[in-house]
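**Q** Need a 3D model of the sequence below.
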Amino acid sequence: MLNRFSSIMTASTLAITMGGCATPGSQSASQPGAMEIRQGVIEQITTGTLSDNHQAGLGAVVGGLAGLGIGSLIGAGTGRDVAMVAGALGGALAGNEVQKKYDQPIPAQQIIVRVRSGVLVQVTQPAGPTMFVGENVYIEGNGEGARVVPQ
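**A** Next comes the predicted model:
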């Protein structure tokens, strides 16, 4: 009974985790597949860093699942239950520490662009091609998916 329960829990957790990793494409509601592009001139560029927390917690989840699986192979009865809990907790802690080693800040640019309508648009993106104040640029997309690219 317990083995079946842990199998169901492991499969459910894995399905939820993998579903959470999917990222929807940035599409316009009126025209699926269309991307908004605006033209403008760079008013200001500020350098900084971005933290890459897109996969935050994934190391702990994967480590916990691995620990749970390994713990389920040890002993029987109450000892097995204790081994599963200890394995899940230990694996989660270890997975979180491993992930922290690989989460490094990313060099970024905060770019302020005045579009043709006169509105200022601010986009923060990973540092890319060299751009300068006064340069004509395109702003591709919108929201978090927006990027500034040279014309």
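
**Q** going forward, measure contacts and count neighbours with C-alpha atoms only.
**A** OK.

**Q** next SSE after the longest helix along the chain?
**A** Criterion DSSP state H: the longest helix present in the chain is helix 77-102. Going down the chain from helix 77-102, the next helix or strand is strand 106-115, by DSSP states H and E.

**Q** Show me what that following strand is packed up against.
**A** When contacts are defined as 3 or more C-alpha pairs under 8 Å, 6 or more residues apart in numbering; DSSP states H and E, strand 106-115 packs onto strand 37-50, strand 120-126.

**Q** just to revisit the earlier point, name the helices or strands packed onto the longest helix of the chain?
**A** helix 58-71.

**Q** returning to that earlier point: Throw the helices and strands packed on strand 106-115 into TSV and include distance to Ala60, mean pLDDT and mean neighbour count, thanks.
**A** Below are the helices and strands packed on strand 106-115 laid out as TSV (distance: least, C-alpha to C-alpha, whole Å; pLDDT from 0 to 100; neighbours: other C-alpha atoms under 10 Å):
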stretch	distance to Ala60	mean pLDDT	mean neighbour count
strand 37-50	22	87	17
strand 120-126	26	87	17
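
**Q** how far away is Ile74 from Ala60?
**A** 21 Å (C-alpha to C-alpha, to the nearest Å).

**Q** Gln151: what's its closest spatial neighbour, skipping adjacent residues?
**A** Nearest residue to Gln151 in three dimensions, chain neighbours excluded: Val137, at 4.8 Å (C-alpha to C-alpha, 6 or more residues apart in numbering).
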